[in-house]
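1. coords below, sequence missing:
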């Protein structure tokens, strides 16, 4: 193989049964042969991606002390900030030289899953970070409903 297979989700959600079937055939072949595919036509548009990168940059430019306010003990990094050295590669004792932020599924209060899913963490200093992060997560989640197995 010389390039990553690419499919367009707009083909699958179109009214054309031929385009839908072609999408199914192509994504199925890609998953079987290499395990992944490049996806176009998803719900995360370029404008939202730009906003997300800008807000992520804003967060990671904050001081370490300020970022650590959003590191939540006891949930294994499933929401909020995770600082350098907290994770390690399988079989390694040394901590990874990375820090990251984790958005997770948004579950309404009272929903049965709200008892097992931790709340997402809001960054007080960056209200747009919270808003844009939620929107991006929801667009990726919407996309996943079409392409996950």
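-> Yep, it's here. Not measured: the values here are computed from a predicted model. Numbering: from 1, shown residues only.

2. so what are the domain limits for this structure?
-> With domains defined by automatic domain parsing, the chain comprises 6-40, 46-147.

3. As TSV, these with mean pLDDT and mean neighbour count would be great.
-> In this view, the C-beta of every residue, glycine as well, is placed from N, C-alpha and C. TSV is the format used below for those (pLDDT from 0 to 100; neighbours: other Cβ atoms under 10 Å):
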stretch	mean pLDDT	mean neighbour count
domain 6-40	93	14
domain 46-147	92	14
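
4. Spell out the residue ranges of the strands in the chain.
-> 6-8, 38-40, 80-82, 100-102 (DSSP state E).

5. which outside residues touch the last one?
-> Spelled out, that is strand 100-102. In this structure, residues lying in contact with strand 100-102 by Cβ atoms under 8 Å, 6 or more residues apart in numbering are 56, 59-60, 70, 77-82, 133.

6. run the last query once more with 7 Å
-> 56, 59, 77-82 (Cβ atoms under 7 Å, 6 or more residues apart in numbering).

7. and which of those is nearest to residue 22?
-> Among the contacts of strand 100-102, residue 56 lies closest to residue 22 (Cβ to Cβ), at 35.1 Å.

8. for the closest one, what are its contacts?
-> Per Cβ under 7 Å, 6+ apart, neighbours of residue 56: residue 101.

9. and the gap between it and residue 126?
-> From residue 56 across to residue 126, the span is 10 Å (Cβ to Cβ, to the nearest Å).

10. dump the residue contacts of residue 88.
-> Residue 88 makes contact with 94-96 under the criterion Cβ under 7 Å, 6+ apart.

11. and it, what are its phi and psi?
-> According to degrees, to the nearest 10, the main-chain angles of residue 88 amount to phi -140, psi 160.

12. Outside of the lengthiest helix in the chain itself, list whatever touches it.
-> Longest helix in the chain, counting residues (DSSP state H): helix 127-147. Residues outside helix 127-147 that contact it (Cβ under 7 Å, 6+ apart): 9, 12-13, 27, 39, 42-44, 48, 51-52, 55, 58-59, 103, 105-106, 122-123.

13. would CSV of the contacts of residue 88 with distance to residue 35 be doable?
-> Listed next are these as CSV, based on distance: Cβ to Cβ, whole Å:
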residue, distance to residue 35
94, 28
95, 28
96, 23
